[in-house]
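Chemist: Need the 3D shape of this:
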Amino acid sequence: MSEDTELREQVRARYAAAATAVTTGTRNADPLVEGSCCGPAATSCCSSSTQRSVGAGLYDVATAAGLPVGAVEASLGCGNPSAVADLHEGERVLDLGSGGGIDVLLSARRVGPTGFAYGVDMTDEMLDLARANAASAGATNVEFVKGTIEDVPLPDGSVDVVISNCVINLSTDKPAVLAEMFRVLAPGGRIGVSDVVAEGRLTPGERADRGSYVGCIAGALSTTEYLDGLATAGFTDTSVTFTHEVADGMHAAIVRATKRTA
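Modeler: Now for the predicted structure:
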């Protein structure tokens with residue numbers, strides 16, 4: 001098994017376990033610590049002061065109101081990308097690494113009945129949970145599709161907005177992810193991504209010292225690497241904005257870019 005394949009399997013197994021814990025009700029009493037991208041307190045890449053800056057704690061009560069409990073508890077991200085993307089009525093949205101479905105359901109609410117929200121995830125357990133959450137929420141303008149974020153099973157130009165919540169850092173082939181985002185976007189489309197991003201002063205080795213790959217730290221890009229990757233993929237109007245620190249020199253960040261019209 002190659003190193004990339006092994007890392008992907010570790011990610012899949014971790015998120016399968018997280019979905020199963022939500023489904024079976026065996027999560028820690030404090031889901032923000034156990035279920036966050038940063039992981040259990042004993043092995044977390046985050047300090048105790050930042051553990052509550054990930055997961056469900058990033059969605060205020062008004063935002064989470066009306067969502068199934070399973071969707072909220074399964075939130076493992078580092079931001080609220082459906083708000084970051086400034087979604088509008090009638091838009092088509094894709095969430096990369098959609099997990100338990102919270103950001104897809106929020107997106108579906110924002111784009112309304114004339115819009116549509118897709119979620120792509122590689123983990124069967126998360127897909128089952130997300131579909132159950134969508135049914136519980138009565139959401140009819142959503143679809144959860146099995147696939148990887150490096151090879152999205154949607155046609156070219158099929159969506160207006162791509163979002164993702166602390167998932168791109170987990171990919172072992174980030175150029176492929178950025179290229180896929182560009183491919184599936186219609187001309188004029190945009191991305192609004194929440195992700196973990198490293199300060200430029202940190203080497204890959206220093207990032208790994210601060211946390212594991214599956215803990216959303218070791219695989220994080222630097223700001224320059226992110227911006228260069230987006231430009232190579234063809235995006236314009238790119239930006240990376242730090243929001244809060246999750247480890248020394250590592251930050252949750254908002255990443256934005258546009259696919260200009262021809």
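Chemist: if I look at residue 166, how far off is residue 172?
Modeler: When CB to CB, to the nearest Å is applied, the distance between residue 166 and residue 172 equals 16 Å. (Glycine included, C-beta is placed from N, CA and C.)
Chemist: Who has more neighbours out of those two?
Modeler: Remark: of residue 166 and residue 172, residue 166 carries more neighbours, 29 against 17, as counted by other CB atoms under 10 Å.
Chemist: For that one, what are phi and psi?
Modeler: When quoted as degrees, to the nearest 10, the phi and psi of residue 166 stand at phi 60, psi 40.
Chemist: Between the two ends of stretch 214-221, how far is it?
Modeler: Distance between the boundary residues of stretch 214-221 (CA to CA, to the nearest Å) amounts to 14 Å.
Chemist: ok, longest strand in the chain?
Modeler: Longest among the strand segments of the chain by residue count, using DSSP state E, is strand 185-198.
Chemist: residues of it that come out buried?
Modeler: Of the residues in strand 185-198, those scored as buried under the neighbour-count criterion (16 or more other CB atoms under 10 Å) are 185, 189, 190, 191, 192, 193, 194, 195, 196, 197, 198.
Chemist: Stretch 135-148 too?
Modeler: Of the residues in stretch 135-148, those buried by neighbour count under the rule 16+ other CB under 10 Å are 137, 139, 141, 142, 143, 144, 148.
Chemist: Can you tell me which of those residues lies closest to residue 91?
Modeler: The shortest separation between residue 91 and any of the buried residues of stretch 135-148 is 10.9 Å, and it belongs to residue 141 (by CB to CB).
Chemist: tell me which residues in the following helix or strand past the longest strand of the chain are buried?
Modeler: Remark: after strand 185-198, the chain's next helix or strand is helix 204-210, criterion DSSP states H and E. Applying a neighbour-count criterion of 16+ other CB under 10 Å, the buried positions in helix 204-210 are 207, 210.
Chemist: Mind checking what helix or strand follows helix 204-210 in sequence?
Modeler: With DSSP H and E setting the assignment, the helix or strand that follows helix 204-210 is strand 221-222.
Chemist: and that following strand, how far out from the chain's middle?
Modeler: Average the C-alpha atoms of strand 221-222, do the same for its chain, and the two points are 16 Å apart (CA atoms, centre = their mean, to the nearest Å).
Chemist: again with stretch 193-204
Modeler: 15 Å.
Chemist: same question, stretch 129-143
Modeler: Mean C-alpha position of stretch 129-143 versus that of the full chain (CA atoms, centre = their mean) differs by 18 Å.
Chemist: Please enumerate the strands of the stretch 51-200 of the chain.
Modeler: Listed in chain order, the strands found in the stretch 51-200 of the chain under DSSP state E, counting those that start in this stretch are 92-96, 116-121, 142-146, 159-165, 185-198.
Chemist: and those as a markdown table, adding distance to residue 205?
Modeler: Formatted as a markdown table, these follow (distance: least, CB to CB, whole Å):
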| stretch | distance to residue 205 |
| --- | --- |
| strand 92-96 | 27 |
| strand 116-121 | 30 |
| strand 142-146 | 34 |
| strand 159-165 | 26 |
| strand 185-198 | 11 |
